[in-house]
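Visitor: Sequence first, predicted model second:
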Amino acid sequence: MVVDISLVPARYDWERHLPLLLEADESEQHVRVYLDRGQLLEICNAGGLIGVTVLVRDADEVEIWNIALSEAYRGRGLGRAAVGAIADRCRRDGASRLTVGTSDCSLGTIAFYRKVGFRFAGVRQGYFDTYPVAVVENGIRARDMVMFQMPLTPSS
């Protein structure tokens with residue numbers, strides 16, 4: 001099945017974007033900090049807005065700081081297509097690596113990143129220890145951020 005996903009640069013709109021951003025990050029305070037550092041993109045398909053992502057570039061590496069689809073669009077291959085569109089965009093923009101992190105207790109998200117082509121790249125120990133709100137998933141309090149990366153060579 002071919003899924004048509006587009007990434008549209010957007011100016012932050014509290015009503016339109018914040019609910020989606022909070023799907024992937026429980027702290028509005030934290031979201032506001034990285035919105036100033038990164039590029040906000042709407043994830044769209046033929047029906048319009050289905051999600052958002054925030055990309056932060058550092059030299060030839062791009063990190064996904066936030067990515068979320070509306071619940072109604074999950075489980076249909078659109079997340080995989082969105083990651084593919086992000087990788088293609090970053091590759092065209094000259095990046096050599098795409099990175100992403102998630103909490104050490106976000107088991108479904110870890111599995112998703114592995115399925116779409118990311119490989120384990122390390123741990124940011126204690127990342128969530130000083131987070132503005134306690135992050136709890138699967139009954140476990142998040143402590144560390146598990147990092148993944150995907151090379152963006154022309155053949156990846």
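Guide: Nice, I can see it. Numbers count the residues shown, from 1 in each chain.
Visitor: Pro19 should be in a helix, yeah?
Guide: Yes - secondary structure of Pro19 (DSSP: H, G, I helix; E, B strand; the rest coil): part of a helix.
Visitor: Distance check, it against Ala68.
Guide: For Pro19, the distance to Ala68 (CB to CB, to the nearest Å) stands at 9 Å. All C-beta spots, glycine's among them, are computed from the backbone N, C-alpha and C.
Visitor: Mind checking which of these two has more residues around it?
Guide: Ala68 (22 against 12; other CB atoms under 10 Å).
Visitor: does that one count as helix, strand or coil?
Guide: strand.
Visitor: pretty sure it contacts Leu21?
Guide: Yes - the criterion here is CB atoms under 8 Å, and Ala68 meets it with Leu21 at 6.7 Å.
Visitor: and for the two, which residues touch both?
Guide: Common contacts of Ala68 and Leu21, defined by CB atoms under 8 Å, 6 or more residues apart in numbering, comprise Val52.
Visitor: continuing past the top helix by length along the chain, what's the next helix or strand?
Guide: Longest helix of the chain, by residue count under DSSP state H: helix 78-92. Proceeding N to C from helix 78-92, the next assigned helix or strand is strand 97-103, under DSSP states H and E.
Visitor: what distance separates that following strand from the centre of its chain?
Guide: The chain centroid and the centroid of strand 97-103 are separated by 7 Å under CA atoms, centre = their mean, to the nearest Å.
Visitor: Could I have the CA atoms of that strand written out in CSV?
Guide: Coordinates of each C-alpha in strand 97-103 appear next as CSV, following Å, rounded to 0.1, in the frame of the first residue of the first chain:
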residue,chain,number,x,y,z
ARG,A,97,21.9,10.9,10.1
LEU,A,98,18.5,11.0,11.7
THR,A,99,18.2,10.4,15.4
VAL,A,100,15.3,10.0,17.8
GLY,A,101,14.9,9.3,21.5
THR,A,102,12.1,8.0,23.7
SER,A,103,11.7,7.1,27.3
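Visitor: can you list contacts of it?
Guide: By CB under 8 Å, 6+ apart, strand 97-103 touches 60-64, 67, 86-87, 90, 109-110, 113, 118, 121, 124, 127-128, 135, 137, 142, 144-152.
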